[in-house]
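# here is the input, now give the coordinates:
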Amino acid sequence: MGTNGAALMQAALTVNIAEARANLVRRFEAVGVDASVPDVAAQLTQFADQAPFEAGPPAVNAGGSGGSAGASSAGKAGEGADLPGGGGAGGVSAGGASAAGASAGGASAAGSGGKGGGPGIDEPCTLDTCPCVEVWSGDFDVAGPQSLPALECVREITGSLRFHQNCGIPSVALPELRSIGADLYFHESGIETVSLPALASVGAAVYFHQNAALTSVGLPSLATVGEYLYFDHNCALTHVGLDALQTVGPAASSENAYLYFSGNLALPALNLPALSSVASYVYVSSNCSLAQLALPNLTTVSGEYVYVHGNAALGAPPVTALDARLVEIGFSGERQLAAGGACNAAESCAEVRTCPAGL
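The predicted structure follows:
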């Protein structure tokens, strides 16, 4: 077997020809089709020797309709691993059997997410099923800790990155990630810290909702958010790093492009030193420990109101400074700004979902 062919076959995992032939015979007979299957061992060897690939793993494109071909020929997960090319359209970019498809048992995790490459929540994405690539096509739904190694190389996700009700993941640190085409989404997870130091743009929403254990979110390079920035009832949150954030929403006014912080019980400060534009409204309420609020470079708020109320620890100076800034930039909408006020976040935080003990 030639060098190129050997590399391909190693990346494609071991294909058991005899078992593959037997699987095909059984499936053909089950549907009443002639089960005569030629011996493909010689042809496979010839293909491997002549395959025009560079040494090393084959290129894998996680996008497209991954898993469909493998799932249809395998019948069910677990059988497709015996078939060359069982990974489906999303698991193979250069022909042959891919490591993603073969190890996923035909139903490739790369295609099961429904949007061109995101792994399904019920089918964990691992390095075996989702190779580490620089550009991830489509959504990436994190199933558990086993999904994270597949993100270590990723610099761009064309769809959304979603953490939904994930327990067993204490922290998320993705130093290479620079761009997300749609949403950055954390909902009811057990994650304690998030660090995305190189992330510069999010095409749609930044969404952190009811993450009971979350204490710190570091997004120091994030400059643009295409839609809304939403932090709601992250009751243990004490730090949000958004020093580079410049714009929330598009240049034109948009109802779905707002700044929203509410019910973050422990958050002591919200400082957005570079923020210049919000395409809709600003809402900061019921953050009971919030003592610092600063938007010193705000120049445009295109929505109908700016609402700051019910932040029990917030004194008059930050509120007065924000009010003066809104007057200076000619904001014509409704201003509801007040220092202090009753804060009921503790009661609502008691109802936020938490991960079971030990997870």
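# quick check: residue 232 touching residue 205?
No: Residue 232 lies out of contact with residue 205 (C-beta atoms under 8 Å); the separation is 11.9 Å. (C-beta placed from N, C-alpha, C; glycine too.)
# which positions in stretch 282-294 come out as buried?
Within stretch 282-294, the residues that count as buried by 16 or more other C-beta atoms under 10 Å are 282-290, 293-294.
# quote the end-to-end distance of that stretch.
Taking C-alpha to C-alpha, to the nearest Å, the first and last residues of stretch 282-294 lie 13 Å apart.
# report the rounded mean pLDDT for that stretch.
The pLDDT scores in stretch 282-294 average 97.
# just stretch 169-176 next, same as before
96.
# what's in contact with that stretch?
With contact meaning C-beta atoms under 8 Å, 6 or more residues apart in numbering, stretch 169-176 is reached by 134, 142, 144-145, 148, 151-155, 163, 189-199.
# which regions of this structure lie under the pLDDT threshold?
1-130, 358-359 (pLDDT under 70).
# which residue ranges of this protein form helices?
Taking DSSP state H to define them, one finds helices in the chain at 3-11, 17-30, 41-50, 68-74, 99-103, 316-328, 345-349.
# do you know how far residue 165 is from residue 142?
Residue 165 is 10 Å from residue 142, where distance means C-beta to C-beta, to the nearest Å.
# between these two, which is the more surrounded one?
Comparing residue 165 with residue 142 by other C-beta atoms under 10 Å, the one with more neighbours is residue 142, at 26 against 13.
# ok, what's across the strand from the nearest residue to that one once chain neighbours are set aside?
Spatially, and ignoring its direct neighbours in sequence, residue 142 is nearest to residue 163 (5.0 Å; C-beta to C-beta, 6 or more residues apart in numbering). Note on residue 163: beta-bridge partners residue 142, residue 186, judged by DSSP bridges.
# ok, residue 163 touching residue 183?
No: using C-beta under 8 Å, residue 163 and residue 183 do not qualify as a contacting pair, with a distance of 10.8 Å.
# count of neighbours near residue 241?
Residues near residue 241, counting by other C-beta under 10 Å: 18.
# residues contacting it?
Residue 241 sits next to 216-220 when contact means C-beta under 8 Å, 6+ apart.
# looking at those residues, spot the one nearest residue 356.
Set against residue 356, the nearest of these by C-beta to C-beta is residue 216 (22.5 Å).
# that'll do, ta.
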